[in-house]
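Engineer: Fold the following.
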Amino acid sequence: MPRRFDHLADVEAFVTVVEKGTLSAGAVALGTTPSVLSRTLSRLEARLGVQLLRRTTRRLNLTDAGSLYLEQSRSAFALIDDAERQIQGRDGILSGRVRLSVPTTYGHYRLPPLLARFAQAFPQVRVELSITNRNVDLVAEGYDLAIRLGPLPDSGLVGRKLEDARLCLVAAPRYLDRAGTPGHIDELAAHACLPFVMPSSGRIAPWLFRENLEDREWLPAGNVQVSDDVLGIVSLAQAGLGICQTYEFIVRERIERGELVALLEDVGGRSRPFSIIYPPHRQLPAVARALIDFLVGIDTQRK
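Structural biologist: Sure, this is the predicted structure:
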């Protein structure tokens, strides 16, 4: 009896070439040569009876048929991947792979000690961690989970809150020696502030305060603005360039060492939520469920 799916290696090659953008990059990823990949793609197109890619010396462009086949192929491979990971760990020992995307704030300052404890508890689980401030497409890019900052948008994703992270205002001692210490929110306008430009909107993120039991937002202005990586404002503040607002868990040790000074603590107390999200329609593998339960259930370790 002939095998129905003996061409799956050709399909995987097609998906890889499209994702990498060129035959050369696809060949590197698959450990082969561009000429072999070119013949592989031609063989797949001959089998299907349609052209999937328009190939030139510099670019690859999907045809309409190629776009449809790519989408369906990715879905099929995702189902196979999920099926394999669903049965892993059924012998009582949790094993397998989980792909997680996190922002730089959480990836550098919150997650490392938590993952260390998770790895100790589940030594046969492999965590593939992407630290980026880009909001990845969980389904299209094959991620099981992502940690996101702020209120969750109405995107259809399922979210579980990890924590409400406290915000604080800080500056370096050298800056305060030079410019003085602000005693009230209204005095911040006379200081060098370090605004962060939100990538999603291109707007400056407001600073959040609680004054006389009421929430207040204040829009910082300064000659130096940071975009893309919010950790940049902390580095600049520590270098003495001005005042920034950030998460307490990022600067707590720097404050204790005297590298930064907490300011206007009487109007602090505001926070922003971090949540872990996943697609609702995908059946999560056991390793992903275990990681979610672990991170959600260890709030006392985040203090």
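
Engineer: any idea which element Cys168 lies in?
Structural biologist: Using DSSP states H and E, Cys168 sits within strand 158-171.

Engineer: Okay, now the sheet partners of that strand, with direction.
Structural biologist: strand 244-247 (antiparallel), strand 261-263 (antiparallel), strand 271-278 (antiparallel) (DSSP bridges).

Engineer: so can I have JSON lines of the ones you listed showing mean pLDDT and mean neighbour count?
Structural biologist: Where C-beta positions appear, they are placed from N, C-alpha and C, glycine not excepted. Formatted as JSON lines, the strands paired with strand 158-171 follow (pLDDT from 0 to 100; neighbours: other C-beta atoms under 10 Å):
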{"stretch": "strand 244-247", "mean pLDDT": "96", "mean neighbour count": "24"}
{"stretch": "strand 261-263", "mean pLDDT": "97", "mean neighbour count": "17"}
{"stretch": "strand 271-278", "mean pLDDT": "92", "mean neighbour count": "18"}
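
Engineer: Was I right to think Asp215 contacts Pro206?
Structural biologist: No. Using C-beta atoms under 8 Å, Asp215 is not in contact with Pro206; the gap is 10.8 Å.

Engineer: Neighbour count for these two, which is higher?
Structural biologist: Pro206 (14 against 10; other C-beta atoms under 10 Å).

Engineer: Do I have it right that the more buried one meets Trp218?
Structural biologist: Yes. Taking contacts as C-beta under 8 Å, Pro206 lies within contact range of Trp218: 6.3 Å.

Engineer: Same list (the strands paired with strand 158-171) but as CSV, adding distance to Gly297.
Structural biologist: Below are those laid out as CSV (distance: least, C-beta to C-beta, whole Å):
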stretch, distance to Gly297
strand 244-247, 21
strand 261-263, 30
strand 271-278, 12
